[in-house]
Each structure stands twice: as structure tokens, then as C-alpha cells.
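Enquirer: here is a sequence together with a model predicted from it:
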Amino acid sequence: EAGVAQSPRYKIIEKRQSVAFWCNPISGHATLYWYQQILGQGPKLLIQFQNNGVVDDSQLPKDRFSAERLKGVDSTLKIQPAKLEDSAVYLCASSLYGTSGTEQYFGPGTRLTVT
Amino acid sequence: QKEVEQDPGPLSVPEGAIVSLNCTYSNSAFQYFMWYRQYSRKGPELLMYTYSSGNKEDGRFTAQVDKSSKYISLFIRDSQPSDSATYLCAMSLRSNDYKLSFGAGTTVTVRA
């Protein structure tokens, strides 16, 4: 079974530029999560999708972050404009049943550096 | 005060030693407790999860939960260089609660 795929793996941009990350979840997984992991901290949930609907985006900075999951499969997370404090690893995870925290499978992440 | 506190280490031990990791938490409503392992440049992978207080063993790994003290532990016996990673504790309110509260992670190096 292929795991969660993410691209790009690394990205360096200047502040005020925009950037987009892509995630392809495990086949058949209805739920998709985006996390932000700042260096030295644990992952923080940004947004959760169930199929192509948003379940929870309470911690997504909506003035600059946006995410979509068209057709309930792949997802894109965008930052526009980026700030220095957005430097982090952005992790995508997916789960089959959609509700249990014990069943989330993580991708390798995209490491973003904002200069 | 952070909801979940975890000593970031780093922790360096010789091969074969017992590794002891722990987290404390402030929310007494947490019921499910998880340990994730994260290798460098990889995403976290679930190692173990336990419900409420008690012990759970899986091979060389033992997870302990003491809800009265709001303290959880992970022990790795006969540690191997392949155990070198960052270990994250996480917890949630219910089994069907997708919202996980993570600790900051402890970086462990097992020296050959």
C-alpha cells in the first residue's frame, strides 16, 4: 500500500511570496489533514477534510492560508503572502475512518523556509 | 502553560540501554495516549496507543499512563541504533477525536 505522498519536499521562498503544497492521501482514505510543525514543536492541526468538505479549519490563519480538496482525493495548501513565521514542515495525513486520532498516516512533509 | 509538556532532550544512550521518555499534561479529560516516532526528514508514525491508565507492551516498547499524576511514559528496552529518532507523545479526548495534542518531541540517539 502506497503511503501519503507530498510535494515538493523542500521549498525556499522570500517573505510576501506565495507557495503551494500538494498532498495525495492513501487510496481510499476519506479524511485528510494538514499539520504545521515548527522546528522544536509538535505538529499543529491546520485543517481537516472529510471527502471534499471541511470539517475543522479553526486553526487555519485564513487571511493568508487556504486549502482545497477537489474531488475528495488530492489536496492543495496555499500560503499567500508568506511570512517569516511560516517557516515550518507542513505535514499531510490521511485516515480511513475519519475520526480516530490513532489511525492517521503521515506523509514525509514539505519543509518550507521563508527568508 | 502548554497543554502537553515533553522534554526535548536530546537524549544519547549506548546500544542496549533502556530509553525512558515521558510527557506531562494539564487536561485531565484526555483519555487516549499515543506515541509517535519520527525519523529525520520523515512524517510521524504511530508506535503505540493506550486508553486511560495502565501499561501496554509491544515487543521492546512499553507505554505507561498514570492519569492521577497526568504523566505518561515510553520505555524502549535493548535500544538499537535504528531507534534513533524523535519521539512525540500525543493525546486526545476520545477515541473518535481527530484533534491530537502533541508534545514537542524528544530526540533520541542510540550509539553503536
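Expert: On my side now, so go ahead. These numbers were taken from a predicted model, which means no experiment stands behind them. Numbering: from 1, shown residues only, chains lettered A, B, ... in the order given.

Enquirer: show me where the chain has strands.
Expert: If you meant another chain, say so; for now it's chain A. According to DSSP state E, chain A carries its strands in the segments A:5-7, A:10-13, A:19-24, A:31-37, A:44-50, A:53-56, A:65-68, A:75-79, A:88-95, A:105-106, A:110-114.

Enquirer: you looked at the wrong chain, it should be chain B
Expert: Using DSSP E, strands in chain B cover B:4-6, B:11-14, B:19-25, B:32-38, B:45-51, B:54-58, B:61-66, B:71-76, B:85-92, B:101-102, B:106-111.

Enquirer: what residues does the third one touch?
Expert: Contacts of strand B:19-25 from elsewhere in the structure, counted by Cβ atoms under 8 Å, 6 or more residues apart in numbering or on different chains, are B:3-7, B:11, B:13, B:35, B:69-76, B:79, B:83, B:87, B:89, B:91, B:101, B:103, B:106, B:108, B:110. No exception for glycine: its C-beta is placed from N, CA and C like everyone else's.

Enquirer: could I get the buried residue list for it?
Expert: For strand B:19-25, burial by neighbour count (16 or more other Cβ atoms under 10 Å in any protein chain shown) applies to B:19, B:21-25.

Enquirer: possible to save the strands of chain A as TSV with mean neighbour count, mean pLDDT and distance to chain B?
Expert: Shown next, in TSV, are these (neighbours: other Cβ atoms under 10 Å in any protein chain shown; pLDDT from 0 to 100; distance: least, Cβ to the nearest Cβ, whole Å):
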stretch	mean neighbour count	mean pLDDT	distance to chain B
strand A:5-7	17	97	8
strand A:10-13	15	98	9
strand A:19-24	19	97	11
strand A:31-37	25	95	7
strand A:44-50	21	93	6
strand A:53-56	13	90	7
strand A:65-68	18	97	16
strand A:75-79	19	98	15
strand A:88-95	24	95	5
strand A:105-106	22	92	3
strand A:110-114	19	98	8
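
Enquirer: among these, which is nearest B:Phe61?
Expert: Nearest to B:Phe61 among the strands of chain A is strand A:105-106 (18.7 Å), distances taken as Cβ to Cβ.

Enquirer: what helices or strands is the closest one leaning on?
Expert: strand A:88-95 (3 or more Cβ pairs under 8 Å, 6 or more residues apart in numbering or on different chains; DSSP states H and E).

Enquirer: contact residues of chain B facing chain A?
Expert: Within chain B, the positions near chain A by Cβ under 8 Å from any Cβ of the partner chain are B:4, B:6, B:8, B:32, B:34, B:41-46, B:49, B:88, B:90, B:92, B:95-105.

Enquirer: ok, back up a step: closest to A:Arg64 out of the strands of chain B?
Expert: strand B:101-102 (22.8 Å).

Enquirer: which secondary structure elements does the closest one contact?
Expert: If you count contacts as 3+ Cβ pairs under 8 Å, 6+ apart, strand B:101-102 packs onto strand B:85-92.

Enquirer: residue contacts, B:Val4?
Expert: A:42, B:23-26, B:89-91, B:101-103.

Enquirer: so who does residue 18 touch?
Expert: Since no chain was named, I'll use chain A. A:78-82.

Enquirer: wrong one, I was asking about chain B
Expert: B:75-79.
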